[in-house]
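S.K.: pasting the sequence and the predicted coordinates here, then a few questions.
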Amino acid sequence: DIQMTQSPASLSASLGETVSIECLASEDIYSNLAWYQQKPGKSPQLLIYYASSLQDGVPSRFSGSESGTQYSLEINSLQPEDEGDYFCQQSYKFPLTFGSGTKLEIK
Amino acid sequence: EVQLQESGPGLVKPSQSLSLTCSVTNYSITNNYWGWIRKFPGNKMEWIGHISYSGSTSSNPSLKSRISITRDTSKNQFFLQLNSVTTEDTATYYCARLTTEGIDYWGQGVMVTVSS
């Protein structure tokens, strides 16, 4: 199985700041990487697909990038509604696998 | 908008079978792929398996011997059966639509506890 190592496990940042979350794939996944946001009691929401494509309706302050097998989610100009859990997921090979998640707190 | 809704018992006894239904609205399950994903206490996510538009299935090898995913196209529903459950199967179970871009629609999730 492809392992997705996500960091950090938790993050605290202030309104207006920029944060970055990383996922390292254990092998090349050829940009087949999605990012999700999940708020307490809600189902996950797709933010980014194919590593850097923004899902319809997602604010442009969310962006994704890649460098080799390292994938990053950046959130600019943090807003209160950005608080929640974020996780990555590879879709290059079955079984689909997920990162361990990052809990983002807005100070 | 595509809507998915899981249903099933919230409590299952060890060694019994867990059966869940996903009802899909506003989109036919004869298109795309439809999957089951679970989130454990502690937040680890695991892909369970999926059923395709044609009815073929694929399952996580870690669960393959215990799971069955089926569908009823007349009701636009698909199903998960997980046999011989243990306390380690306690999780929130989600049904979802899988696309090449990612998992774009999710159900609200159903919390299943395995306990005697």
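M.R.: Arrived safely, thanks for sending.
S.K.: okay, buried residues for stretch B:106-116 please.
M.R.: For stretch B:106-116, the neighbour count (16 or more other C-beta atoms under 10 Å in any protein chain shown) marks B:Trp106, B:Gly107, B:Gly109, B:Val110, B:Val112, B:Val114 as buried. Where C-beta positions appear, they are placed from N, C-alpha and C, glycine not excepted.
S.K.: ok, and the closest non-adjacent residue to residue 8?
M.R.: Unless you meant another one, I'm taking chain A. Nearest non-adjacent residue to A:Pro8, counting by C-beta to C-beta, 6 or more residues apart in numbering or on different chains: A:Thr102, 6.1 Å away.
S.K.: chain B is the one I meant
M.R.: What sits nearest to B:Gly8 in space, not counting adjacent residues and going by C-beta to C-beta, 6+ apart, is B:Leu20, at 3.9 Å.
S.K.: partners of that neighbour in the sheet?
M.R.: Under the criterion DSSP bridges, B:Leu20 forms beta bridges with B:Leu80.
S.K.: ok, the lowest-mean-pLDDT helix or strand in chain B: who's next to it in the sheet?
M.R.: Each helix and strand of chain B was given a mean pLDDT (mean pLDDT, DSSP states H and E); the minimum falls on strand B:57-59 at a mean of 94. The pairing partners recorded for strand B:57-59 under DSSP bridges are strand B:45-51 (antiparallel).
S.K.: what sits up against the strand it pairs with?
M.R.: Strand B:45-51 has contacts (C-beta atoms under 8 Å, 6 or more residues apart in numbering or on different chains) with A:87, A:89, A:94-98, A:101, B:29, B:33-40, B:57-60, B:62-63, B:67, B:69-71, B:78, B:80, B:82, B:91, B:93, B:98.
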